[in-house]
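> Pasting the sequence and the predicted coordinates here, then a few questions.
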Amino acid sequence: MQIAVLGGGNGSTAAAVDLTEQGHHVRFWRRNAQAQEALRARDNMLTLKDAKGERPIRIGVVTSDIAEALQGADLIVCPTPATAQEDIARAMAPYLSDGQVVFLPPGSFGSWIMADIVRRAGNPADVSWAEAGTLPYLTRMHGVDTVAITTRATRLPTGVYPYRNADHAHAVLASAYPSVERADDALSGALMNAGPIIHPPLITMNAGPIEHFDHWDIHNEGTQPAIRRVTTRLDQERIAVREALGYGAPHFPLADHYDNDAEEWMYGNAAHEKLTDSGDWREYLVLTEHRYMREDVAMGLAFLVSVADWAGVAAPTATGILAMGSAICDDDFRQSGRTLESLGLSGMSRFELQTMLRDGL
């Protein structure tokens, strides 16, 4: 299959290497022309490191020309931070065509946002936008040329916008990611996003050690029973919002990620142990700039709180953590973050929103 992979971070590079090894023809794009030129100078070669060992992978096309990356692509994989989605959508807008599927793992409702930007740019193409509950990989770069994949997702709940295209989108996705599971529409997919549940308690409740130590592993020493209890309460609020909106199980409760005897979570059993054992998440963190704050609190958690308010569901834990993150960053994420209000959707009735999610605009 012809696949474009957009972005140059951990998740995007892992996708480019992993999908190439599966036998797909991959065109790897990032806007940083200097970085892509350096990769081309290495004959598009990267080293993949995982449980099978290390081996070289040569990516088919490496480019900083997004038109070249998108032309003829059946699937466009965009595992970038939510903070980059709007700029990428504007760059993509002139080149998308009927039948293409854009995959955002995860999305924080970026599927609707990016589709709306493309529509407003004047491109009427019937594109399907899908967003999953997490990245397909637990991964980190080792230097500039080695991709370490600690584990791969075994279950990827994924919503589609517009939902009328769900059959087509899932057929395309299955060819690249067999672990993808149907999770209704784009809002359901957004409310599957694990990032705004697992990361906001970790980044806010570990604020002291993050600012004190040169390196800190918030998934190891930072994941203590008190923080787990907060995470569980926060996740219960997410599930309550899903249920109030009529989305059924499975809801992929985050507690299953930590319990190897529970139902298999998105990364399978023992994923948390693999993550902490790798040591790859013991890193230098800038508290107010890290993506756990700027993406998962300011965008993902702000979005969850706004949907809870709109649906009339009490979310005191989510609201409290959002306020803590805002105070740490000297901001007000309920006003400045990604919300139904900032997207112009808060005035819709439930019927109007459901109709839009099904049929598109």
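Perfect, I can see it now. Here the structure is a predicted model, which means the values were calculated and not measured.
> any idea of the mean pLDDT for whichever helix in the chain runs longest?
If you go by DSSP state H, the chain has its longest helix at helix 225-244. Averaged over helix 225-244, pLDDT sits at 97.
> Identify all contacting residues around that helix.
With contact meaning CB atoms under 8 Å, 6 or more residues apart in numbering, helix 225-244 is reached by 188, 191, 196-198, 200-202, 205-206, 251, 253-255, 258, 304, 307-308, 311-318, 321. Bear in mind the C-beta positions are built from the backbone N, C-alpha and C, glycine included.
> in stretch 299-319, what's buried?
299-311, 313, 315, 317-319 (16 or more other CB atoms under 10 Å).
> separation between Ile239 and Val297?
Distance of Ile239 to Val297, given as CB to CB, to the nearest Å: 19 Å.
> higher neighbour count, the two?
When Ile239 and Val297 are compared for neighbours, Val297 comes out ahead with 29 against 17, by other CB atoms under 10 Å.
> mind listing what that one touches?
Applying CB under 8 Å, 6+ apart, we find Val297 in contact with 196, 199-200, 203-204, 321-322, 325, 333, 337.
> Can you tell me which of these lies closest to Ala73?
Closest approach between the contacts of Val297 and Ala73, by CB to CB: Pro196, at 28.9 Å.
> what's around Glu221, how many residues?
Glu221: 13 surrounding residues under other CB under 10 Å.
> Assumed it was part of a helix.
No - counting by DSSP: H, G, I helix; E, B strand; the rest coil, Glu221 is not part of a helix but coil.
> Neighbours of the nearest residue in space to it that is not next to it in sequence, how many?
Setting aside the residues directly before and after it, Glu221 is nearest to Pro209 in space (CB to CB, 6 or more residues apart in numbering), at 7.5 Å. Counted with other CB under 10 Å, the neighbours of Pro209 add up to 14.
> doesn't Gly222 make contact with Pro209?
Yes - if you go by CB atoms under 8 Å, Pro209 and Gly222 touch, sitting 7.0 Å apart.
> most neighbours, which of the contacts of Val297?
Greatest neighbour count in the contacts of Val297, by other CB under 10 Å, goes to Pro196: 30 neighbours.
> any idea how far Gln22 is from that residue?
Noted for Pro196: a distance of 30 Å to Gln22, by CB to CB.
> residues in contact with the residue most central in space within the chain?
Geometric centre of the chain, nearest residue: Pro106, 2.0 Å, by CA atoms, centre = their mean. The contact partners of Pro106, taken as CB under 8 Å, 6+ apart, are 131-135, 189, 192-195.
> how does it look with 6 Å?
Pro106 sits next to 132-134, 193, 195 when contact means CB atoms under 6 Å, 6 or more residues apart in numbering.
> again, but for Ala302
333, 337-339.
> mind running it again at 8 Å?
When contacts are counted by CB under 8 Å, 6+ apart, Ala302 touches 322, 333-334, 337-339.
> just the strands in the stretch 251-361 of the chain please.
Counting by DSSP state E, counting those that start in this stretch, the stretch 251-361 of the chain has no strands to list.
> let me fix that: the stretch 101-250 of the chain
Read by DSSP E, counting those that start in this stretch, the stretch 101-250 of the chain holds these strands, from start to end of the chain: 101-104, 128-132, 137-142, 146-152, 156-161, 180-185.
> follow-up on the earlier one: keep only those of the contacts of Pro106 that are in helices.
Mapping the contacts of Pro106 onto helices (DSSP H) picks out Gly195.
> Reformat the contacts of Pro106 as JSON lines; add neighbour count, distance to Ser278 and pLDDT.
Formatted as JSON lines, the contacts of Pro106 follow (neighbours: other CB atoms under 10 Å; distance: CB to CB, whole Å; pLDDT from 0 to 100):
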{"residue": "Ala132", "neighbour count": "29", "distance to Ser278": "22", "pLDDT": "97"}
{"residue": "Gly133", "neighbour count": "28", "distance to Ser278": "21", "pLDDT": "95"}
{"residue": "Thr134", "neighbour count": "24", "distance to Ser278": "17", "pLDDT": "95"}
{"residue": "Asn193", "neighbour count": "30", "distance to Ser278": "23", "pLDDT": "97"}
{"residue": "Gly195", "neighbour count": "23", "distance to Ser278": "19", "pLDDT": "96"}
